[in-house]
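Student: Could you look at this predicted model? Sequence included:
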Amino acid sequence: MQKKKDNLSTVRISENLAAEVDRILQTEVGKALGFRSRADFVTTAIRDFLREDLTPVYLPGDLVRLIKDLIKTRKRWVSTEEFVIEAVKERLKEYEVYR
């Protein structure tokens with residue numbers, strides 16, 4: 001990492017990853033989440049990863065595609081994350097461990 005005078009550092013990512021971030025930024029979800037740049041996106045991703053109360057959950061691709069299709073058609077949720085959080089809360093309510 002290269003240090004700069006204004007307390008910022010530069011981190012390099014592959015062109016493929018940068019292109020994927022750019023693709024997300026151009027989607028309705030990226031716009032709805034308010035990302036203005038790669039830096040905004042990467043900063044949020046790193047902060048979320050480092051938060052102690054956040055646990056990454058990996059879903060099979062077929063489930064993610066179904067959720068994304070549902071989000072597009074129903075327009076009730078902004079993101080897959082929002083959908084999954086709502087679904088988990090509903091399931092926890094069934095077992096009376098979440099209110």
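Tutor: Everything's here; your move.

Student: you'd agree Asp48 is up against Val42?
Tutor: No: Asp48 lies out of contact with Val42 (CB atoms under 8 Å); the separation is 10.8 Å. The way it works is simple: take the backbone N, C-alpha and C, and place the C-beta from them, glycine included.

Student: The two - which one has more neighbours?
Tutor: Each of Asp48 and Val42 had its neighbours counted (other CB atoms under 10 Å), and the higher figure belongs to Val42 (16 against 11).

Student: Please name the residues that touch that one.
Tutor: Val11, Ile13, Val21 (CB atoms under 8 Å, 6 or more residues apart in numbering).

Student: can you put those residues in JSON lines and add neighbour count, secondary structure and pLDDT?
Tutor: Formatted as JSON lines, the entries for these read as follows, by neighbours: other CB atoms under 10 Å; DSSP: H, G, I helix; E, B strand; the rest coil; pLDDT from 0 to 100:
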{"residue": "Val11", "neighbour count": "9", "secondary structure": "coil", "pLDDT": "88"}
{"residue": "Ile13", "neighbour count": "12", "secondary structure": "coil", "pLDDT": "92"}
{"residue": "Val21", "neighbour count": "20", "secondary structure": "helix", "pLDDT": "93"}
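
Student: Let's have these in JSON lines, adding distance to Gly34.
Tutor: Converted to JSON lines, those look like this (distance: CB to CB, whole Å):
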{"residue": "Val11", "distance to Gly34": "21"}
{"residue": "Ile13", "distance to Gly34": "21"}
{"residue": "Val21", "distance to Gly34": "15"}
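
Student: Name the nearest of the residues you listed relative to Leu59.
Tutor: For Leu59, the closest of the contacts of Val42 turns out to be Val21, at 19.9 Å, with distances computed as CB to CB.
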